[in-house]
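Participant: what would the 3D arrangement of this be:
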Amino acid sequence: METFFDLVKDPAHWEFEILLIIIFDVIIGLVIWPFVQKALVHHKSDHERLEDLEREVERLKNPQG
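Facilitator: Numbering: from 1, shown residues only. Predicted coordinates for the structure are as follows:
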């Protein structure tokens, strides 16, 4: 049975961990990031449009000021 300290001392374990980091963090991140970035930009533009609509509603409610 392997213990935590056995895994810490084992270089093969660390090489496998680095491989997993490269696969899941880097490669998948590069594939997914453009979609996330597009969604964030879209959300920002929606937020700005809502602010514009809120200002317009406020202007229509109070035409004097």
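
Participant: burial check on Leu7, number of neighbours?
Facilitator: For Leu7, the number of neighbouring residues by other Cβ atoms under 10 Å comes to 13. Bear in mind the C-beta positions are built from the backbone N, C-alpha and C, glycine included.

Participant: distance of it from His42?
Facilitator: Distance check for Leu7 against His42: by Cβ to Cβ, to the nearest Å, it reads 43 Å.

Participant: same check, this time on Glu2
Facilitator: Glu2 is 47 Å from His42, by Cβ to Cβ.

Participant: quick one: low-confidence parts of this protein?
Facilitator: Along the chain, the parts satisfying pLDDT under 70 run over 65.

Participant: now the spatially most central residue of it: which helix or strand?
Facilitator: Nearest to the geometric centre of the chain sits Val36, at 6.0 Å (Cα atoms, centre = their mean). Assigned by DSSP states H and E, Val36 belongs to helix 28-61.

Participant: which helices and strands sit right next to that helix?
Facilitator: If you count contacts as 3 or more Cβ pairs under 8 Å, 6 or more residues apart in numbering; DSSP states H and E, helix 28-61 packs onto no helix or strand.

Participant: and that helix, how far from the chain's centre?
Facilitator: Relative to the chain's own centre, helix 28-61 is displaced by 15 Å; criterion: Cα atoms, centre = their mean, to the nearest Å.
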